[in-house]
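S.K.: below: sequence and its predicted model.
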Amino acid sequence: MKKYLMLFLLTMFCAASASAADKLLADRHMERLGKCEACHKTMPPKQVPSKDCLSCHGSYEKLAARTDKNDINPHDSHLEDPDCGQCHRGHKKPVLACDECHEFKNIRVP
Ligand code: HEC
Ligand code: HEC
Ligand code: HEC
Ligand code: HEC
């Protein structure tokens, strides 16, 4: 009986941590910032231009300094300053735009 309880708890634990990691960018920002308007400067919501992301995140230089520990730096490449939405997505799964042409491993877009 005890074994089943452990298994049940383990399953619940895994399910909970998986869902935290799977949360989309907008949901994670909602948890921090509390309102849609944090990203959507205009209502009803439209696409979010990079400059509105950068109003909090500073600049490509600042971002690049935070992400210079991997093989590639997604914020400092020959693509120069692409739209954030080429990789980060508000309400759907992100993509690594570089992989249209390359095949970079071990790097995940949050
Ligand atoms: C991280 C900032 C962020 C937050 C917070 C956020 N969104 Fe978004 N939203 C985006 C981005 C980025 C897009 C562009 C499409 C995409 O990437 O999913 C978008 C697109 C949309 C669109 C589609 C607009 C269009 O014209 O295509 C709607 C509707 C929307 N959001 C509603 C909401 C609502 C409602 C909330 C609050 C519950 C919210 N969003 C919170 C970032 C955000
Ligand atoms: C109102 C301020 C604000 C706006 C606008 C904003 N963010 Fe953020 N974002 C934050 C804060 C605060 C954090 C948590 C601290 C950090 O990592 O900088 C964060 C974290 C992040 C993270 C890393 C952590 C995570 O949960 O993914 C990414 C990626 C990110 N933001 C992308 C974006 C993008 C792309 C946009 C535009 C669609 C955007 N942000 C708009 C405030 C903002
Ligand atoms: C070419 C794809 C790409 C584009 C375009 C891009 N990012 Fe990122 N971003 C990434 C990847 C990949 C990571 C994770 C890097 C890592 O784990 O080292 C990341 C991480 C982040 C983080 C978290 C940094 C940290 O300390 O972990 C923030 C904040 C962020 N991006 C914001 C933005 C904003 C704002 C824009 C637009 C101005 C943008 N990004 C454009 C791919 C991209
Ligand atoms: C439209 C296709 C395309 C996209 C998208 C793309 N690249 Fe490239 N990349 C190339 C080509 C073509 C070369 C040059 C040929 C080669 O060396 O493979 C190259 C070369 C490179 C190199 C080799 C060193 C150098 O700069 O000469 C790196 C590193 C690189 N890319 C990183 C990136 C990163 C990081 C991204 C995403 C932020 C990205 N690339 C997006 C096509 C692309």
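M.R.: Yep, that arrived. Ligands and ions are numbered 1, 2, ... in the order given.

S.K.: could you use CA atoms for every contact and neighbour count after this?
M.R.: OK.

S.K.: pull the contacting residues for the one residue in the chain that gets nearest to ligand 4.
M.R.: Nearest residue of the chain to ligand 4: Cys98, at 3.4 Å (C-alpha to the nearest ligand atom). Residues near Cys98 by C-alpha atoms under 8 Å, 6 or more residues apart in numbering: Phe104.

S.K.: quick check: Leu63 touching His75?
M.R.: Yes. Counting by C-alpha atoms under 8 Å, His75 is a contact partner of Leu63 at 6.3 Å.

S.K.: more neighbours: which of these two?
M.R.: His75 (21 against 16; other C-alpha atoms under 10 Å).

S.K.: which one is the more buried one nearest to, not counting chain neighbours?
M.R.: Closest residue in space to His75, ignoring its immediate chain neighbours: Ala64 at 4.8 Å, by C-alpha to C-alpha, 6 or more residues apart in numbering.

S.K.: any idea which element the one you found lies in?
M.R.: Assessed by DSSP states H and E, Ala64 sits inside helix 60-66.

S.K.: okay, and His78 sits in which element?
M.R.: Secondary structure from DSSP H and E places His78 outside every helix and strand.

S.K.: if I look at the residue of the chain closest to ligand 4, how far off is Lys69?
M.R.: Cys98 sits 17 Å away from Lys69, going by C-alpha to C-alpha, to the nearest Å.

S.K.: up against ligand 1, what does this structure have?
M.R.: 25-26, 29-30, 35-36, 38-39, 45-48, 85, 89-92 (C-alpha under 6 Å from any ligand atom).
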